[in-house]
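[1] pasting the structure only:
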């Protein structure tokens with residue numbers, strides 16, 4: 001990562017696409033429109049197109065990710081550390097390459113997209129957990 005040294009006049013640029021709901025709609029659309037791939041075929045498929053690979057549990061995520069990608073496999077508050085709303089995004093073949101999205105099942109993504117609009121931030125964050133919360137003593 002390199003720090004950009006060019007000045008940027010935020011007042012002269014339309015950054016409304018970064019508003020929460022607009023960003024989420026566009027992002028989830030990109031994720032859901034990516035070609036579904038199995039863990040086995042993902043590295044081959046991402047060479048020609050954006051792909052989405054589903055994980056059904058934290059155990060499956062931790063088992064498969066280290067075999068394929070140099071990504072962090074720990075979690076914070078029950079969500080993969082590098083995730084946005086339980087979606088981990090990477091470009092396995094470097095800058096300019098196609099995206100690989102590691103996601104919960106598509107039905108869960110659609111539910112997250114809907115819930116993120118209607119729930120409080122705190123309630124919504126609990127729905128994103130991949131790892132169950134620790135038991136209270």
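    That came through, no problem. Please read all numbers here as calculations on a predicted model, not as lab measurements.

[2] make it CA atoms for all contacts and neighbour counts henceforth
    Will do.

[3] tell me the contacts of the most centrally placed residue in the chain?
    Residue closest to the average C-alpha location in the chain (C-alpha atoms, centre = their mean): residue 87, at 2.0 Å. Under the criterion of C-alpha atoms under 8 Å, 6 or more residues apart in numbering, the neighbours of residue 87 are 101-104.

[4] Going by neighbour count, which of the residues you listed comes out on top?
    Highest neighbour count within these: residue 101, with 26 neighbours (other C-alpha atoms under 10 Å).

[5] give me the beta-bridge partners of that residue?
    residue 52, residue 89 (DSSP bridges).

[6] I'd guessed it sits against residue 92; true?
    No. Contact between residue 101 and residue 92 fails when scored by C-alpha atoms under 8 Å: they sit 10.4 Å apart.

[7] Residue 128 and residue 100, how far apart?
    Distance, residue 128 to residue 100, by C-alpha to C-alpha, to the nearest Å: 19 Å.

[8] Between those two, which is the more surrounded one?
    Set residue 128 next to residue 100 and count neighbours by other C-alpha under 10 Å: residue 100 wins out with 28 against 21.

[9] what's in contact with the lowest-mean-pLDDT helix or strand in the chain?
    The weakest-scoring helix or strand in the chain, judged by mean pLDDT, DSSP states H and E, is helix 121-127 (a mean of 72). Helix 121-127 is contacted from outside by 85, 112, 115-116, using C-alpha under 8 Å, 6+ apart.

[10] which two in those are spaced the farthest apart?
    The two members of the contacts of helix 121-127 with the most space between them (C-alpha to C-alpha) are 85 and 115, at 11.2 Å.
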